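J.: what's the 3D shape of this:
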Amino acid sequence: MKEKLEKIKAEALARIESADALEKLNDIRVAYLGKKGELTSVLKSMKDVAAEDRPRVGQMVNEAREQIEAKLEETKKELAKRAREEQMKREVIDVTLPAKKANTGHSHPNTIALEEVERIFVGMGYEVVEGPEVEYDAYNFEKLNIPKGHPARDEQDTFYINDTILLRSQTSPVQARVMEQRKPPIRIIAPGRVFRSDEVDATHSPSFHQIEGLVIDKNITFADLKGTLAEFAKELFGEDTKVKFRPHHFPFTEPSAEVDVSCFKCGGKGCRFCKGSGWIEILGCGMVHPHVLEMCGIDPNEYTGFAFGVGLERIALLKYEIDDMRLLYENDIRFLKQF
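T.: The predicted structure follows:
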């Protein structure tokens, strides 16, 4: 029996020594220590051993099992270490190589300008509202005192979908909707995209953005409008900025004006940026026409108000001294990453 056990142990240790994979070790474990393994068979045959020899044979079997298990565990660790080293060699990473640069996004010049304008007016107590880009003719024209036959309604200037629906040519329809739905006092700005049938060039685009403001309340005067826009200009272009109002005509406001700001490059002295005049035009404004108030259900004898509109792209072009509007929409990363 002793010779048989020694033979089994020697064979097992030799096979373990020659194993070169973890799977083979598992096969050896099953072959010698499993339910039908060599050592298990010896234990099952103990009934044939003389009673006085059983303790000694049992001890010999246990010692052989322990030696085989210890060798299996040792070889398993060695093979696992070797496999890990080979894997590390295959998957080696050269930490001295430069890493891939992640391109992080940032805000578009239009977005930066819009957020700045919204910050200024929200700080004055205004609410930001939005409206549909596909609009009814009644809101885009009729309720803004632009009757049929007016030049602004010409098909060469406006994108019509049918006789009553169009792509809005201004964000003023939002003002008309708000005046219909709410009772004064009203204090809003309405930013959004608008559409006009313009040729694409350095200063025009068929799709651009406007920000329009509206205030309706009792005892609102042109002085309130002047004070509001003067404060807006100072916040946007600098504390020393001055404003100048020039008489103009808009169908939905009376009286109407265009607003110039003193050139923030030369301080009003005259330079290439302001074409030597010292002033830069930025927006149109005026007191809301009484007929517009009537059509929107507001009594013009009790309430008055003012409105203004500014092109968002114009603010971005002025603020960042961009001379071509098309640059804003060409998605040239070299240009956009400057902001």
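J.: would you list every one of the strands in this structure?
T.: When secondary structure is read from DSSP state E, the chain shows strands at 127-128, 134-136, 165-167, 186-195, 207-217, 243-250, 253-262, 279-288, 304-311.
J.: which of these is buried the deepest?
T.: Among the strands of the chain, strand 304-311 has the highest mean neighbour count (mean count of other C-beta atoms under 10 Å), at a mean of 23. C-beta here means a position set from N, CA and C on the backbone, and glycine is covered the same way.
J.: pLDDT weak spots in the stretch 1-150 of the chain?
T.: 1-2, 39-40, 42-54, 57 (pLDDT under 70).
J.: now the helices for it?
T.: Assigned by DSSP state H, counting those that start in this stretch, the stretch 1-150 of the chain shows helices spanning 2-18, 22-33, 38-44, 54-90, 109-123, 137-140.
J.: for residue 274, find the nearest of those.
T.: Each of the helices of the stretch 1-150 of the chain has some distance to residue 274 by C-beta to C-beta; the shortest is helix 109-123, at 19.2 Å.
J.: just the residues contacting the closest one, thanks.
T.: Contact with helix 109-123 is made by 107, 128, 189, 191, 209, 211, 213, 232, 235-236, 310, 312-313, 315-316, 319-320, 322, 328, 336, 339, as judged by C-beta atoms under 8 Å, 6 or more residues apart in numbering.
J.: cutoff 7 Å now
T.: Contacting residues not belonging to helix 109-123 are listed as 128, 189, 191, 209, 211, 213, 232, 235-236, 312-313, 315-316, 319-320, 328, 339 [C-beta atoms under 7 Å, 6 or more residues apart in numbering].
J.: next: stretch 11-26.
T.: Taking C-beta under 7 Å, 6+ apart as the rule, stretch 11-26 contacts 28, 32, 68, 71-72, 75-76, 79-80.
J.: equivalent analysis for stretch 245-260, please.
T.: Under C-beta under 7 Å, 6+ apart, the answer for stretch 245-260 is 144-146, 150, 172, 226, 229, 243-244, 279-289, 292, 307.
J.: measure it end to end?
T.: Stretch 245-260 has an end-to-end distance of 6 Å (C-alpha to C-alpha, to the nearest Å).
J.: quick one on the thing from earlier: return the most buried member of the helices of the stretch 1-150 of the chain.
T.: Most buried of the helices of the stretch 1-150 of the chain, by mean neighbour count (mean count of other C-beta under 10 Å): helix 137-140, with a mean of 20.
J.: quick one: low-confidence parts of the stretch 151-300 of the chain?
T.: Looking along the stretch 151-300 of the chain with the criterion set at pLDDT under 70, you get 152, 154-156.
J.: still on that earlier bit, what's the farthest-apart pair in the contacts of stretch 11-26?
T.: Of all the pairs that the contacts of stretch 11-26 form, the one spanning the most space (C-beta to C-beta) is 32 and 80, at 20.4 Å.
J.: quick one: stretch 282-289 to chain centroid distance?
T.: Here the centre of stretch 282-289 is set off from its chain's centre by 34 Å, with C-alpha atoms, centre = their mean, to the nearest Å.
J.: just use 12 as the starting number from now, easier for me
T.: With 12 as the first residue, the last one maps to stretch 293-300.
J.: contacts for it, please.
T.: With contact meaning C-beta under 7 Å, 6+ apart, stretch 293-300 is reached by 156, 227, 233, 236, 240, 259, 261, 263-272, 315-321, 325.
J.: which one, of the helices of the stretch 12-161 of the chain, ends up nearest to residue 209?
T.: Nearest of the helices of the stretch 12-161 of the chain to residue 209, taken as C-beta to C-beta: helix 148-151 at 16.5 Å.
J.: could you list the domains of this protein?
T.: 13-101, 120-347 (automatic domain parsing).
J.: let me have the ones you listed in CSV, adding distance to residue 111 as columns.
T.: Below are these laid out as CSV (distance: least, C-beta to C-beta, whole Å):
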stretch, distance to residue 111
domain 13-101, 21
domain 120-347, 17
